[in-house]
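> Pasting a predicted model and its sequence here:
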Amino acid sequence: MYHQPVLKNRRTLLERAEKFVSDIYFTDCNLRGRLYGDSRPLESVTSFLSPKRITFREASQQNFAPYRVGDTFGPTWWTCWFKLTLNIPESWRGREVHLLWESDGEAMVWRDGQPVQGLTKEGEKTSYILSACLKDEEPHSVSLYVEMACNGLFGAGQGSMIAAPDPNRKFSVQRAELVIFNRDVRELLTDFEMLIDIVKELGEGKQRGYQALFTVNEMVNLCEPSDPSTFPRIHSLAHNFFSQRNGDSQHIVHAMGHCHIDSAWLWPYEETIRKCGRSWVTVIRLMETNPDFVFTCSQAQQFQWVKSWYPGLFSQIQHFVKKGQFIPVGGTWVEMDGNLPSGESMVRQFLEGQRFFNQEFGIHCKEFWLPDTFGYSAQLPQIMQGFGITNFLTQKLSWNLVNTFPHNTFFWEGLDGSKVLTHFPPGNSYEMKGKIQDLVKTVENNKDKGRANHSAVLFGFGDGGGGPTQLMLDRLSRVRDTDGLPKVQTSSPNKLFSQLRSDSALLCTWSGELFLELHNGTYTTEAKIKRGNRQCETLLHDVEVASCLALCRDPTFKYPVEKLQKLWRLLLLNQFHDVIPGSCIEMVVEDALRYYEDIRSDCTALLRDACGALASKGKGAGVFNSLSWERHEVIQTQDGAGEPDLALVRVPSVGLAPVTNTEPVSPVSVTVQANGAVTMENGILQTVVNKDGTLASLYLINANREAISDSCHGNQFVMFDDVPLYWDAWDVMDYHLQTRKPVLEVVQPVHVTSSGGLRGSLSFSLRISDKSTITQTIVMDAMCPYIKFSTEVKWAESHKFLKVEFPVRVHSPNATYEIQFGHLQRPTHRNTSWDWARFEVWGHKWADLSEHNFGVALLNDCKYGYSVHKNTMTLSLLRAPKAPDSNADMGTHHFTYAIMPHTGSFQGASVIQSAYNLNFPLRLIRCIPNSAPWSAFSVSAEAVILETVKQAEDRKEAFIVRLYESHGSSVTATFRTTLPVREAWHCDLMERQDSTQPAPMTSGGITLNFSPFQIMSLLLIL
Ligand SMILES: [Zn+2]
C-alpha cells in the first residue's frame, strides 16, 4: 500500500479516476485502452441488398458481391445481407474472441441457418462472442450471415427523433473485425465505473461516498494496465468495498431485465417482428451464461410473431419460460392505449393475451403491464380483476406536465370499487441501465418511503436496442448488498408484488382514472385511425351478435371462429399505444388503415352471411337491431342517387323486423325564414339554423327550455393554433386555447336538402382557409331526440386544431364523459392545477353537461377528444401535426356528431342508448315478407346494457353474454332470451364458469343484481 498523504481535493481524485477509465483521454496508458487485444480483418465480406424483409433461406440463395467496410448502402427500410468468412488465428488459443461489428443499422447474426444474436450500436451491442476461451478443437474457420435493417433503433427520423423518416438515408458498416477481448480488463473497468458513480451519486454529504473515493484512488495507485498480474489485488479492493453490507432496513430493489418494444411507432409493424427477434435472441444468449438473469416480456402479439418467423428461437424461449427466467407478463395482446379502446376491446386485449400465454407457456399473468401509455381508464381495475389480475405496473404518469403524482406504490380503485395493487417504478423509467444513479434515484424518488420498502428497476435497452447487456448484469451483481445503496435482488413481478402486498397496511388508495397530463392531442390525431377503430368495434360487435342468433335459427350456419379471432387480433394490434393514439409514422398509418379495411370488408361479408341465415333470406326488406332495446327510428331503405327512400321502423331488442313504415306521431317540419335562417321541428325539438350553419336556438319543446346559451350560437366551428413544445402528434398545449378563431366564412349558405316528413335536413359549407373547407348536413329525424351533424371536411392545414362548440344553458361544476362500461365526471372549472391540467380530455360516444332536471349531451360516431369549460361543450375534430407523420390527417374526413338536450338526468333521458343508436346503425336485411318481429334477448332495466353476445371460447354449444350497469346505480334486472338456452352460469372475463354461481332461469328470465358499473358475464349453455 502506498501510504502517501492525500490532500483534501475530492475533485482531482475523482477526475483522475475517471480519466483512468476514459475511452477518450489517455487511452494509450489507461485501463480502457487495454480492453481489446490483437485484431484481424475478416477473410471476406460480401453483401446483397433487398428492398423487402426476406427469410434467411431466401437471402442465403442470392448472389453476394464483395463489400468494403465503410461503403454506404440503402436506402431506408431496405435490408443488407452480409456473408462473412473469418479465420481465427491459432495463436489466440485460450483467449476470448469476438466479432466486432459496428454499423448504424440494426443487425442480426445468423449461424448455421439460425438467428444467434442481435447487434445494435445504439443498444451497446457490437460484439458477437465467437469463443469465450478459444480451444484447439473449436472451429477456427467460421462463416456467418449478418442481416442488417436499414434503420436505426428509432427508425430514420431526419434531424430529430420524432421527425418523419428520411426515405433516402444511407447506411454503412464502420467496423467488422476479429478481436481478442480482455475480460479481466472489462471486469476491472466495471469495478472502477461503479465506484466512481458511487462517489458522484452519493455526493459530498455522505461519508460512504468518500470511502468509495479513497478506494478507487488506491485502485488507480496500484493498477498497472499493462500488467494483468496487478489486477486481482485491485479487484479485491473493490470487492471489499462492495461486500460491506447494509442493515436490515435498507430499501430493496427488484431488478428485472426488460426490453420495451413498441409494436409499431417510428418503424412499421414488419420491422417490429425483426426487432423482437434480434432482442430476444440476445436475451437468450445472456440467459445461457447468467442463470440468475430474469427478463420480463409483454405483448402476446410479439410472441406470436416470433413463433411464426423464428420458430427455433421461440422454442428456446419456451425452454427459458419453463426455467422461470423468461417471464411473459401483462396478459394482453399488445400494450394497448389505456383510454381509447372500447370496454369490449379492452376485454379482448386480455382474453387474447391471457389465452395465448396459457396455450403457449401454461402461464396466467397476475399483473397488468403497461409502462408506456398515455393514461389509464378507471374501468381497468375491474377488467383486470375479471381476468384474475390483481397487480398493475406502469410509470408513465411521471411524465405529467403539471402535477406530480403523489404515489409510487398504492391501491388503485376503479369506477366500480375494484382495487388493484399498483406500482410505478420510482426511477421513472422502464429502460434503466443498472447504474448507481438508477438505484439511488429509485430510493430517493420513492414517494412511499416508510410505507413500501420494495421497488422495481426495469433495465435494458428498448425498441431494438436488444434489452439488457452483460455489463448491466455485472453492475447489478456488484452491489447486491453494499452499504449505502439499496439492496438489489433479481426478481420477477410475482415476487415484487407479493412483497408489496404482504406489507401493504400503510398504502394509500387512488380512486378513479389515472389521467396523464400530457399527450392530450392523441385523442384526436390521425382521425381516420380513430374512425377505423370505432367502426370496426361496432362491426365486430354486430357480426358476433348476428352469428350467435344465426346459429340458433339455422342449424347449417357455422360460427366464424377463426375468422373472428383473426379480425379481432388485427383490431387489437391497431390499438397499440403508438398506433391508435396516432403517434406513429405514415407507413404505420397506411398499414393500420389497410387492416381496418380488411376488417370492414370481412365483417361486411360475415354480417351478410349471418343476417341471411338469421332471416331466412326472404324477398322482403327487414331490419336487424343488435342493441338490447327496442328502436323506433327513421332508416334509409335504399342507396343510390336522388332522394333516399326513408321508413320509420320499429325493431325489437337484439332482433329483427320487416320494414313496415309507421307514421310518426309528429312529422318533421322545415320552414325557411325571411332572413335565410331555417326552422326545423319534430315535436321533440325545435331548432333555428342560421345561414352560416350555426344554431340560433335549440328548443326542447315539452320542457319549454332553450338549450343554447343567451346570445351565443351552437355548432360553432373554431380553429386554434396548435404548436406544441416538442411531441407534435402527441401534445396539444394549454396555451392553444388563447388562439381561438371562429370559422365564419360561408361558401354556401344553409339550404334545405330534405323538406320534412320523416326527415328534415339542411346543408351548408364554410371555408376554413384557402386550403380547407367544411360541408355539413344537419339532420332532424322524426321521433329522434337528437339532431345529427353529418360532416365532411377537406383538410390541408398545418399545426391547426379544428373543434366545434356548443355553448349551452346549463350550469354545473362537472361534466360527464362516457368511458369503457360506464362514465365519469370531470370538472368544468379550473380551480386547482389538477382541474386545469385537464383542459382537453377523452371520452367515448358521448359527453353530457347537466344541472338538476335538464342537460345537454354531445354525441359522436368516431371522436374521442372533448372539453367542457364553464357552459361550453367542445368536441375536438381534427389536428394537423407534422411529426412523426408529415402528412397526418391531410385529406377528406367524414364524421357525425349530434346534440341532444334533455330533461331529467342523462340516465333517465336515455342519452346512453341514444349514443349507442348513433354508433350502431340499424342494418337492412332480406327477410320473409310479413314475418313477425323477433327478439333474441331483452333486459328489463334500462340501466343494464347487453354489450356483447359471442360464442364461448372452446365451447361451440355455449354463448357468452356480457352486460354492464351503465347508470352508476345498484339495480336488479331481468334478462330474458328466446334462444334455446338449457342452463346459465356466471363466469369471469376469462369465460371460466363459476360453479358456485348458477344463474337460475325461470319462466320470467334470469334475475341479476348489479352494483354501480358492474360488468357481468354469463355463460349460456344451449
Ligand atoms: Zn411504448
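In hand now; what should we look at? Residues are numbered from 1 along each chain as shown.
> number of nearby residues for the closest residue to Leu737 other than its chain neighbours?
Nearest residue to Leu737 in three dimensions, chain neighbours excluded: Phe839, at 6.4 Å (C-beta to C-beta, 6 or more residues apart in numbering). Every C-beta, even on glycine, is put in place using the N, C-alpha and C of the backbone. Phe839: 18 surrounding residues under other C-beta atoms under 10 Å.
> Now for Phe839: which residues touch it?
520, 734, 737, 830, 867, 869 (C-beta atoms under 8 Å, 6 or more residues apart in numbering).
> my read: Ser455 touches Met256, true?
No - using C-beta atoms under 8 Å, Ser455 is not in contact with Met256; the gap is 11.2 Å.
> burial measure for Gln61, as a count.
By the measure other C-beta under 10 Å, the count of residues near Gln61 is 10.
> Just the local confidence number for it, please.
Per-residue pLDDT puts Gln61 at 97.
> how far away is it from the ion?
Per C-beta to the ion, to the nearest Å, Gln61 is found 36 Å from the ion.
> what do you get for Pro921?
35 Å.
> Same question for Thr1007.
Counting by C-beta to the ion - Thr1007 and the ion are separated by 45 Å.
> ok, now which ones touch that residue?
972-975, 1000.
> try 10 Å this time
940, 972-975, 999-1001 (C-beta atoms under 10 Å, 6 or more residues apart in numbering).
> what's the helix or strand for the residue nearest to Leu737?
Here Phe839, judged by DSSP states H and E, is contained in no helix and no strand.
> Do me a favour and get the backbone dihedrals for it.
When read as degrees, to the nearest 10, the backbone of Phe839 gives phi -80, psi -20.
> before we move on, what SS does Pro406 have?
coil (DSSP: H, G, I helix; E, B strand; the rest coil).
> pretty sure it contacts Trp510?
Yes - contact criterion C-beta atoms under 10 Å: Pro406 and Trp510 qualify, at 8.0 Å.
> which residue sits closest to Ser243, ignoring its sequence neighbours?
Spatial nearest neighbour of Ser243, chain neighbours left out: Thr482 (7.5 Å); criterion: C-beta to C-beta, 6+ apart.
> Number of residues surrounding the one you found?
Residues near Thr482, counting by other C-beta under 10 Å, number 23.
> Would you quantify the distance from it to the ion?
In terms of C-beta to the ion, Thr482 sits 32 Å off from the ion.
> Likewise for Gln951?
33 Å.
> Counting neighbours, what do you get for that residue?
Other residues lying near Gln951 total 19 when counted by other C-beta under 10 Å.
> What is the one helix or strand it maps to packed up against?
Assigned by DSSP H and E, Gln951 belongs to strand 944-952. Applying 3 or more C-beta pairs under 10 Å, 6 or more residues apart in numbering; DSSP states H and E, one finds that strand 944-952 makes contact with helix 343-361, helix 527-553, helix 561-574, helix 911-919, strand 937-939, strand 955-965, strand 971-977, strand 1015-1021.
> which one of those lies closest to the ion?
Ranking the helices and strands packed on strand 944-952 by proximity to the ion (C-beta to the ion) places helix 561-574 first, at 14.2 Å.
> Out of the contacts of Phe839, which end up buried?
For the contacts of Phe839, a burial check counting by 16 or more other C-beta atoms under 10 Å picks out 520, 867, 869.
> Mind checking which of these land in strands?
867, 869 (DSSP state E).
> ok, so of the buried ones among the contacts of Phe839, who is nearest the ion?
Nearest to the ion among these: Asn520, at 17.3 Å, using C-beta to the ion.
> separation between the nearest residue to the closest one once chain neighbours are set aside and Tyr866?
Excluding its sequence neighbours, the residue lying closest to Asn520 (C-beta to C-beta, 6+ apart) is Glu840, at 4.0 Å. Distance, Glu840 to Tyr866, by C-beta to C-beta, to the nearest Å: 8 Å.
> what is in contact with the two at once?
When contacts are counted by C-beta under 10 Å, 6+ apart, Glu840 and Tyr866 are jointly contacted by 523-524, 803, 874, 876.
> State whether Phe471 is indeed within a helix.
Wrong residue type there; residue 471 is Leu, not Phe. Yes - per three-state DSSP, Leu471 lies within a helix segment.
> quick one: contacts for it?
124, 186, 189-190, 193, 433-435.
> Next one, pLDDT for it please.
According to the prediction, Leu471 has pLDDT 98.
> Against the ion, how distant is it?
Distance from Leu471 to the ion, by C-beta to the ion: 24 Å.
> I'd guessed the residue nearest to Ser243 sits against Thr215; true?
No - with contact defined as C-beta under 10 Å, Thr482 does not reach Thr215; the gap is 11.6 Å.
> Between the two, which contacts overlap?
Common neighbours of Thr482 and Thr215 (C-beta under 10 Å, 6+ apart) are 198, 241-242.
> Give the PyMOL command for selecting the buried subset of those residues.
Buried members of the shared contacts of Thr482 and Thr215, defined by 16+ other C-beta under 10 Å, are picked up in PyMOL with:
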select buried, resi 198+241+242
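> Please tell me which one of the contacts of Thr1007 counts the most neighbours.
Going by other C-beta under 10 Å, Phe975 tops the contacts of Thr1007 with 24 neighbours.
> Tell me what it is bridged to.
Beta bridges link Phe975 to Val939, Ile1006 when assigned by DSSP bridges.
> Let me see the contact set for it.
628, 937-941, 944, 946, 961, 963, 984, 999, 1001, 1005-1008, 1016, 1018, 1020.
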